[in-house]
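In: Need a 3D model of the sequence below.
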Amino acid sequence: MSYARDLQPKDCTEPIRGKNMVKGLGGGFGFQVGDLDRLRRFLILGHQGGTYYADQRKLSIETVDCIDRLCKTNAGCQAAVQEIVTISKSGRAPKNDPAIFALAYMVSKGGIPSIHALPAVKEVCRIGTHLFDFLNNCKALGRGWGSGFKRTIAEWYTDRDPKALAMQVTKYAQRNGWSHRDVLRKAHPIATNDQTNEVLQYVAQKAKWEAAEYIDSPSANLLMAVEVAKNLGSDTSALSNVIRANGLVREHVPTEALNSIEVWDALLEKMPLTAMIRNLGKMTSIGLVKPLSAASQKIVEALEDRDALKAQRVHPVTILLALKTYQQGRGVLGSLSWQPDQNVLEALENAFYAAFDVVEPTDKKFVLGVDVSGSMSCPCIGSPIISCREAALVMAMTAKRTEKWSHILGFSHDLIELPITNTTSLVDACRIVRGLPFRSTRCAAPIEWALNNKIEVDVFCIYTDNETNCGPHPSYALGQYRQKMGRNAKLAVFGLANSHFTIADPDDIGMMDFVGFDAAAPALLADFAR
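Out: Take a look at the predicted model:
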């Protein structure tokens with residue numbers, strides 16, 4: 001027995017014999033993540049600003065190396081494109097930027113990867129800003145305007161409904177050094193109908209469009225309304241009427257009119273949810289949104305519409321960012337400030353939970369372990385106002401709200417009791433973990449706690465960046481728990497950073513990796529638990 005014990009790792013700083021393990025950046029050993037899983041982490045989390053242990057450049061190189069390996073085969077190319085399209089279209093990621101970059105990289109590789117990736121451009125680049133970002137990435141990666149590339153970009157314009165195209169070219173007229181006129185000059189799209197041709201002429205040859213006879217069509221009417229709005233300037237009453245009659249959006253409104261309550265009231269009538277959430281501070285600062293106002297009531301009702309949240313792909317992170325920003329009463333940049341409306345704050349928090357996929361409780365017993373160690377202090381998803389520690393906590397709170405039989409704990413070098421209940425607000429919970437002491441990372445701590453206290457658990461959920469550097473391997477601790485407690489407990493690991501390793505053993509069907517802040521994660525966790 002003494003010799004056999006010598007073969008066991010003394011702690012997670014040594015690999016488990018017979019397992020394909022890699023050394024993490026924090027010093028502990030974990031399991032290698034597959035290329036498709038690594039791509040999924042990038043698509044959902046991105047790595048803007050880097051992580052605690054790795055800068056953005058290092059992670060970008062690792063990501064494209066991963067895509068290169070996938071692109072060595074037809075099947076790998078197809079799987080990569082499918083993953084990019086699925087994550088982008090389903091709204092599972094907080095931002096579309098990683099999907100746009102990954103697609104642009106495949107297109108820029110040329111050959112087989114480009115053949116597979118080009119047809120997906122219209123699915124991933126759904127709005128003008130996406131298209132401009134895609135073209136910027138392709139330019140930076142050295143992609144030329146070959147015939148297939150031109151055809152793909154031309155179809156982005158010609159395959160759209162004319163009115164939808166008119167909205168795109170006016171709402172997103174120019175971004176990041178590109179304008180639609182620039183793109184048309186390179187792609188040379190040929191319209192198949194008069195209405196589309198008129199929209200293209202509006203973009204490419206404004207003077208000729210203004211001199212021509214307009215086709216009586218929804219697209220032409222929208223274009224004319226946009227031109228009328230530009231010239232109304234400070235006539236906010238007339239401008240409000242034009243907005244209501246034609247469904248114009250904020251980007252159509254002259255800058256000098258954007259401090260008018262009357263104008264914002266008109267914009268709010270048909271404002272999409274994402275735009276509404278993004279402009280809460282502005283609408284509050286000018287006095288449109290205030291306690292018990294009609295605007296406040298409309299916003300609360302919109303945020304309570306779960307079907308609309310899903311239909312418009314409003315990601316939970318978008319709401320969380322808005323909640324934290326709105327609650328602090330000032331923007332991250334600039335001098336804009338406001339007094340938050342408490343009803344709107346409450347609606348934002350409820351909308352955060354509602355934005356995840358609907359989950360039926362499993363009646364299983366969960367221990368939710370939140371990593372609050374030092375490496376979790378870095379920003380998550382490229383946002384300076386959400387750390388990985390806070391992101392881990394709010395993801396754990398979604399599970400706690402769903403599952404009646406759940407217990408939430410924090411861990412770093414040791415276990416930390418978190419005074420968090422189902423009634424604790426997201427903002428207050430983030431404040432609690434922000435002030436905690438932390439040192440190293442003992443990812444096995446929640447499992448050890450359950451074993452030492454003889455707690456019956458069906459599923460351990462660990463929310464972490466997978467950097468473990470003290471204590472036993474979590475997979476080893478889970479094996480000990482299963483053996484001594486006689487329970488086939490499972491381990492769900494939620495990664496909050498785009499790393500190439502995990503603490504979940506891929507050879508164990510009772511362990512599963514999840515990408516933190518995947519909007520589908522709670523529903524997938526319930527399926528795994530069952």
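In: mind listing the strands for the protein?
Out: 21-23, 29-32, 174-175, 178-179, 366-371, 379-380, 383-387, 406-411, 415-417, 459-464, 490-495, 501-502, 511-515 (DSSP state E).
In: Make a markdown table out of those strands and add distance to Asp65, mean neighbour count and mean pLDDT.
Out: C-beta coordinates here come from the backbone N, C-alpha and C atoms, glycine included. Shown next, in a markdown table, are those (distance: least, CB to CB, whole Å; neighbours: other CB atoms under 10 Å; pLDDT from 0 to 100):
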| stretch | distance to Asp65 | mean neighbour count | mean pLDDT |
| --- | --- | --- | --- |
| strand 21-23 | 14 | 16 | 77 |
| strand 29-32 | 13 | 22 | 80 |
| strand 174-175 | 29 | 15 | 88 |
| strand 178-179 | 29 | 18 | 94 |
| strand 366-371 | 26 | 28 | 95 |
| strand 379-380 | 23 | 24 | 78 |
| strand 383-387 | 26 | 17 | 78 |
| strand 406-411 | 32 | 23 | 93 |
| strand 415-417 | 37 | 14 | 87 |
| strand 459-464 | 24 | 27 | 94 |
| strand 490-495 | 18 | 26 | 92 |
| strand 501-502 | 15 | 24 | 81 |
| strand 511-515 | 19 | 22 | 89 |
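In: and those as CSV, adding distance to Lys72?
Out: Formatted as CSV, those follow (distance: least, CB to CB, whole Å):
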stretch, distance to Lys72
strand 21-23, 21
strand 29-32, 17
strand 174-175, 34
strand 178-179, 32
strand 366-371, 34
strand 379-380, 32
strand 383-387, 34
strand 406-411, 39
strand 415-417, 44
strand 459-464, 31
strand 490-495, 25
strand 501-502, 22
strand 511-515, 23
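In: Quick check: Val344 vs Gly27, distance?
Out: 45 Å (CB to CB, to the nearest Å).
In: More neighbours: the two, which one.
Out: Set Val344 next to Gly27 and count neighbours by other CB atoms under 10 Å: Val344 wins out with 26 against 15.
In: Can you tell me how far the more buried one is from Pro379?
Out: Val344 is 25 Å from Pro379, by CB to CB.
In: show me what contacts Asn241?
Out: Neighbour list for Asn241: Ala266 [criterion: CB atoms under 8 Å, 6 or more residues apart in numbering].
In: dump the residue contacts of Ile215.
Out: Residues in contact with Ile215 (CB under 8 Å, 6+ apart) are Asp194, Gln195, Glu198.
In: Take those and write them to TSV, including neighbour count, distance to Pro340 and pLDDT.
Out: Putting the contacts of Ile215 into TSV (neighbours: other CB atoms under 10 Å; distance: CB to CB, whole Å; pLDDT from 0 to 100) gives the following:
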residue	neighbour count	distance to Pro340	pLDDT
Asp194	12	49	89
Gln195	18	44	92
Glu198	21	45	92
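In: Can you flag which of the residues you listed belong to helices?
Out: Within those, residues falling in helices by DSSP state H are Asp194, Gln195, Glu198.
In: Can you say which of the strands of the chain is nearest to Pro472?
Out: Smallest distance to Pro472 across the strands of the chain (CB to CB): 11.3 Å, for strand 29-32.
In: Which parts of the stretch 201-350 of the chain are helices?
Out: With helices called from DSSP state H, counting those that start in this stretch, the stretch 201-350 of the chain shows them at 206-211, 218-232, 236-246, 261-268, 273-278, 280-285, 294-303, 306-311, 316-328, 342-354.
In: Now do the contacts for Ala521.
Out: Contacts of Ala521 by CB under 8 Å, 6+ apart are Phe356, Met395, Phe494, Phe514, Val515.
In: Run a quick check on the third one versus Leu524, I expect a contact.
Out: No: applying CB atoms under 8 Å, one finds Phe494 not in contact with Leu524, separated by 10.5 Å.
In: between those two, what contacts are shared?
Out: With CB under 8 Å, 6+ apart as the test, Phe494 and Leu524 both reach Phe514.
In: Contact partners for the nearest residue to Lys282 once chain neighbours are set aside?
Out: Excluding the flanking residues, the one nearest Lys282 by CB to CB, 6 or more residues apart in numbering is Leu336, at 6.7 Å. Counting by CB under 8 Å, 6+ apart, Leu336 touches Gly281, Lys282, Ser285, Arg330.
In: Tyr452: how many residues sit nearby?
Out: Careful, residue 452 is Asn; it's not Tyr. 9.
In: can you check Gly177 too?
Out: Neighbours of Gly177 (other CB under 10 Å): 10.
In: Ok, Val332 next?
Out: 12.
In: Same question for Lys163.
Out: 18.
In: again, but for Gly334
Out: When neighbours are counted by other CB under 10 Å, Gly334 comes out with 8.
In: And it, its phi and psi?
Out: Torsion angles at Gly334 (phi, psi; degrees, to the nearest 10) stand at phi 80, psi -180.
In: Need the per-residue pLDDT for Ala207.
Out: On the pLDDT scale, Ala207 is placed at 68.
In: got it, and Gly50?
Out: 67.
In: Okay, buried residues for the longest helix seen in the chain please.
Out: Assignment by DSSP H gives helix 74-90 as the longest helix of the chain. Using 16 or more other CB atoms under 10 Å as the test for burial, helix 74-90 gives Gly76, Cys77, Ala79, Ala80, Val81, Glu83, Ile84, Val85, Ile87, Ser88.
In: What distance do you get for the closest residue in space to Val372 that isn't next to it in sequence to Asp371?
Out: Among residues not flanking Val372 along the chain, Gly410 sits closest, at 4.5 Å (CB to CB, 6+ apart). Using CB to CB, we find Gly410 at a distance of 8 Å from Asp371.
In: Likewise for Asp428?
Out: 19 Å.
In: One more: Asp507?
Out: 23 Å.
In: Kindly report the same for Glu360.
Out: Counting by CB to CB - Glu360 and Asp371 are separated by 27 Å.
In: got the end-to-end distance for stretch 132-146?
Out: 17 Å (CA to CA, to the nearest Å).
In: avg pLDDT for that stretch?
Out: For stretch 132-146, the per-residue pLDDT averages 95.
In: do stretch 306-317 as well
Out: pLDDT averaged over stretch 306-317 gives 89.
In: Repeat that for stretch 251-262.
Out: Stretch 251-262 comes out at a mean pLDDT of 93.
In: list the buried ones in that stretch?
Out: Buried, per 16+ other CB under 10 Å, within stretch 251-262: His252, Val253, Pro254, Ala257, Ser260.
In: Kindly tell me how buried the closest residue to the last one other than its chain neighbours is, as a neighbour count.
Out: Once its chain neighbours are removed from consideration, Ser260 has its nearest residue in Thr236; the separation is 4.2 Å (CB to CB, 6+ apart). By the other CB under 10 Å criterion, the neighbourhood of Thr236 contains 21 residues.
In: Run a quick neighbour tally on Pro437.
Out: 10.
In: wait, doesn't Ala104 sit right on Gly142?
Out: No: with contacts counted by CB under 8 Å, Ala104 stays clear of Gly142, the gap being 10.9 Å.
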